[in-house]
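Trainee: based on what follows, work out the 3D shape:
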Amino acid sequence: MKELIIATQNEHKMKEYKEYFSEYKVLSLNDIGFVGEIDETGETFEENSLIKAKAVSEWLKSQDKCVPVIADDGGLCVDALGGAPGVYSARYAGNHDAKANRMKLLHELKGANTRNAHYTDVLTKYYPDGHYVVGVGHTYGRITYKEYGDTSFGYDCIFYSFDLHKTFGKSTKQEKNKVSHRGRALVELLKNDSK
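Mentor: Numbering: from 1, shown residues only. The predicted structure is shown next:
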C-alpha cells in the first residue's frame, strides 16, 4: 500500500484524511517521528500550506523516504476586518487561546455594518520531485453576537453557517464535515491531482 504523509499532529484531522485517502497508508507527523518546528512565515494560506508541505518533504528526503506530503493552512476571514484574522486565526489574541481569540473578534466587530465571514482552507500535495497540486475550499456565514453551542473548537460557536442555518458550535461533526472548508478543499485537491 502506498504511503501518504499528512503534515499535522492533529488526530481529528487525521481521521478525516484517512476517510478521504482510504487507498493509502496515511501517516501523521507523529507517525514518522518528525519533531521539528516549521516557521509559517507566509502572508497567505497558500504560502503557509506550501511551506509546511515542502519542509516535511525535504525532511523525508533526508531520511531517504520519497513519499507525497499533504499540508494545509486555513482560518477565518471576516469581511468587515479586511479578511482578518486570516493567517493569524489561531493566534489572533497573541496566543493559541480560542476563547481570547473569539472575545477579541467580537469586540472588534462592535458597530460593524456587516458580520459576513468565511472559513478558507488551502491544501497542498507536494511530491518528492518538487511538483505540487493545490485545493482550496470555502464555507460561508456570519459572525454571531455571542457564543452558541460547543465552545471547545476555535471560532465555531460564533460562526453561523449559511449552509446549516446554525453555528458550527451547534452542529454535529457530520453536519459540519459536509460543508466544511477542509472537506471542500480535499474534493478540489483530488480533482486537481487527477488531471
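
Trainee: contacts, neighbours, all on C-alpha from now
Mentor: OK.

Trainee: pull the CA atoms of the helix or strand bottoming out on mean pLDDT in the chain into PDB?
Mentor: Within the chain, no helix or strand scores below helix 11-20, which has a mean of 84 by mean pLDDT, DSSP states H and E. As requested, the backbone C-alpha atoms of helix 11-20 are provided in PDB (Å, rounded to 0.1, in the frame of the first residue of the first chain):
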ATOM      1  CA  GLU A  11      -5.800  13.400  15.400                       C
ATOM      2  CA  HIS A  12      -9.200  15.000  14.400                       C
ATOM      3  CA  LYS A  13      -7.800  16.000  11.100                       C
ATOM      4  CA  MET A  14      -6.100  12.600  10.600                       C
ATOM      5  CA  LYS A  15      -9.500  10.800  10.900                       C
ATOM      6  CA  GLU A  16     -10.800  13.000   8.100                       C
ATOM      7  CA  TYR A  17      -7.800  12.400   5.900                       C
ATOM      8  CA  LYS A  18      -7.900   8.600   6.400                       C
ATOM      9  CA  GLU A  19     -11.500   8.600   5.200                       C
ATOM     10  CA  TYR A  20     -10.700  10.500   2.000                       C
END
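
Trainee: other SSEs contacting the helix ranked longest in the chain?
Mentor: The longest helix of the chain (DSSP state H) is helix 45-62. On a contact count with 3 or more CA pairs under 8 Å, 6 or more residues apart in numbering; DSSP states H and E, helix 45-62 meets strand 69-78, strand 116-126.

Trainee: just the residues contacting the first one, thanks.
Mentor: So the one you mean is strand 69-78. With CA atoms under 8 Å, 6 or more residues apart in numbering as the test, strand 69-78 has contacts from 4-8, 45-46, 48-50, 52-54, 56-57, 83-90, 115-127, 155.
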